[in-house]
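K.L.:
what's the 3D shape of this:
(2 chains)
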There are 2 protein chains.
Amino acid sequence: MIAMTVKSVTLVAATCCGLLLSLPAAAQFDKAEDAIKYRQSTFALMGHHFGHIVAMATGKAPFDAQAAQQDAAIIETLSTLPWKAFGPGTEGGKTKPGVWKEQEKFKKLADDMAAQAPKLAAAAKTGNLDDLKAAFGPMGGTCKACHDSYKER
Amino acid sequence: MIAMTVKSVTLVAATCCGLLLSLPAAAQFDKAEDAIKYRQSTFALMGHHFGHIVAMATGKAPFDAQAAQQDAAIIETLSTLPWKAFGPGTEGGKTKPGVWKEQEKFKKLADDMAAQAPKLAAAAKTGNLDDLKAAFGPMGGTCKACHDSYKER
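P.N.:
Here you go, the predicted structure:
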């Protein structure tokens, strides 16, 4: 007995050459709304945990090294996930159409963020607040760069 | 320059004795809607990745050992997260009120799920489809047990 609806995984051959299609078939979604919900969920969780880190790094919350390490590890795990959910035909949510018109630029910004997340995680692992303070700015910068271009306000 | 709004972390002293309050202060949320969004996001991601595993374990999708391992690892990371977002005053979403009335039962079901997730991850790590087939049922059973009691349809 399985609790969740078994969604049939669409196994379309990746015949197109768009950058966003160069992903494993298992990364595909049945419906656009599934993809939108998936990417929104990853960003919501990353935003929540990054909010903790920012609060600690800026002195708005007491520094808790163990919590910061967990927050950053979660962000690192999630940082590579949402991009597969911006496939063709998944326009909508709070995403500006530019994502699908400027795929190379979008991919660059996505890669920047995914590259920064392990650095944040490494900084958090040191248990040193100064390391966290040094790392959270560049991480937030990658969020902002993409939001400025591609997220509706 | 930080992209995301810095949410002030509510650092209330955990003066109550409810099971759901025996969590670190950093786990708290500013608003009920933040908690609801957070838990919904974790369940959405777990559901998506568990859907992949179910599809592979039931032959509806080709078995991809690497993808299954990644799916299960994501579920394991997320499996301990949503419970902190069911604190007092966060009623709503698709959660039945029983969660707040039967905290011990709910915690037991949550613990069951969080305990099963590492077993699923271990099974996926073997790269053996038979191990995945053996592990996905008990995992799904823990999802179903909680949904049957506490999730609105």
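K.L.:
by how many degrees do the host helix or strand of A:Val54 and helix B:32-57 diverge?
P.N.:
In this structure, A:Val54 sits in helix A:32-57 according to DSSP states H and E. Helix A:32-57 runs at 130 degrees relative to helix B:32-57, counting by axes from the mean of the first three to the mean of the last three C-alpha atoms, to 10 degrees.
K.L.:
quick check: buried residues in helix A:32-57?
P.N.:
By 16 or more other C-beta atoms under 10 Å in any protein chain shown, the buried positions in helix A:32-57 come out as A:32, A:34-57. From N, CA and C alone the C-beta is placed, and that goes for glycine too.
K.L.:
same question for stretch A:145-153.
P.N.:
Result for stretch A:145-153 [16+ other C-beta under 10 Å]: buried residues A:145-147, A:150-151.
K.L.:
which residues does that stretch contact?
P.N.:
Contacting residues not belonging to stretch A:145-153 are listed as A:94-96, A:98-99, A:102, A:105-106, A:109-110, A:112-113, B:3 [C-beta atoms under 8 Å, 6 or more residues apart in numbering or on different chains].
K.L.:
now for the residue most central in space within chain A: which residues touch it?
P.N.:
Taking C-alpha atoms, centre = their mean, the centroid of chain A lies closest to A:Ser79, which sits 4.0 Å from it. Contact analysis of A:Ser79 by C-beta under 8 Å, 6+ apart lists A:46, A:113-114, A:117.
K.L.:
6 Å instead?
P.N.:
A:114, A:117 (C-beta atoms under 6 Å, 6 or more residues apart in numbering or on different chains).
K.L.:
so where do the strands sit in chain A?
P.N.:
Counting by DSSP state E, one finds no strands in chain A.
K.L.:
need the CA coordinates for stretch A:68-76. PDB is fine.
P.N.:
The C-alpha trace of stretch A:68-76 is given here as PDB (Å, rounded to 0.1, in the frame of the first residue of the first chain):
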ATOM      1  CA  ALA A  68      24.200  26.900  10.800                       C
ATOM      2  CA  GLN A  69      25.900  23.800   9.600                       C
ATOM      3  CA  GLN A  70      22.600  22.000   9.100                       C
ATOM      4  CA  ASP A  71      21.000  25.100   7.400                       C
ATOM      5  CA  ALA A  72      23.900  25.300   5.000                       C
ATOM      6  CA  ALA A  73      23.900  21.500   4.300                       C
ATOM      7  CA  ILE A  74      20.200  21.600   3.400                       C
ATOM      8  CA  ILE A  75      20.800  24.600   1.100                       C
ATOM      9  CA  GLU A  76      23.700  22.600  -0.600                       C
END
